[in-house]
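Enquirer: this one's structure only:
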């Protein structure tokens, strides 16, 4: 349970950095508390998408992983971010990614920041 919480916080931090750096990834809210709460909920949705959908997509696109020497990972990460944006819209969370190329860049930022935060944050059991 602690590991899940640490990963969710790392995802929230990575999403916050992407929102801060890219104008076309938006997170709106009336107050700071509402923005933080929305960010945590979006991080939870993002974690669930990566846990449930991403492995299936990776298996189905395995030949492309070999053919592109892993560069298709950028596209898969972008699609997971766009799916998170779509689900957030359906759940009335104020998070939106505008466009595929923004999602590619956002996915790259989120991957790097999430990796760095997972290195720094304690690993729980």
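Expert: Sure thing, it's come through. On a predicted model such as this, the values are computed, not experimentally measured, just so you know.

Enquirer: ok, which stretches of the chain are strands?
Expert: Secondary structure of the chain (DSSP state E): strands at 25-27, 95-97.

Enquirer: low-confidence regions, the chain specifically.
Expert: Confidence mapping of the chain against pLDDT under 70 gives the ranges 1, 124-125.

Enquirer: for it, what spans make up the helices?
Expert: 2-21, 32-52, 54-60, 62-67, 72-90, 100-120 (DSSP state H).

Enquirer: got JSON lines for those helices, with mean neighbour count too?
Expert: Heads up, the C-betas are built off the backbone N, CA and C, glycines and all. Formatted as JSON lines, the entries for the helices of the chain read as follows, by neighbours: other CB atoms under 10 Å:
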{"stretch": "helix 2-21", "mean neighbour count": "18"}
{"stretch": "helix 32-52", "mean neighbour count": "16"}
{"stretch": "helix 54-60", "mean neighbour count": "12"}
{"stretch": "helix 62-67", "mean neighbour count": "12"}
{"stretch": "helix 72-90", "mean neighbour count": "19"}
{"stretch": "helix 100-120", "mean neighbour count": "17"}
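
Enquirer: for residue 114, which of the strands of the chain is the nearest?
Expert: In terms of CB to CB, the element of these nearest to residue 114 is strand 25-27, at 14.7 Å.

Enquirer: buried residues in the closest one?
Expert: Neighbour-count burial for strand 25-27 flags 25, 27 (criterion: 16 or more other CB atoms under 10 Å).

Enquirer: so how far is that strand off the chain centroid?
Expert: Relative to its chain's centre, strand 25-27 lies at 12 Å (CA atoms, centre = their mean, to the nearest Å).

Enquirer: that one pairs with which strands, and in what direction?
Expert: For strand 25-27, the pairing partners within the sheet under DSSP bridges are strand 95-97 (antiparallel).
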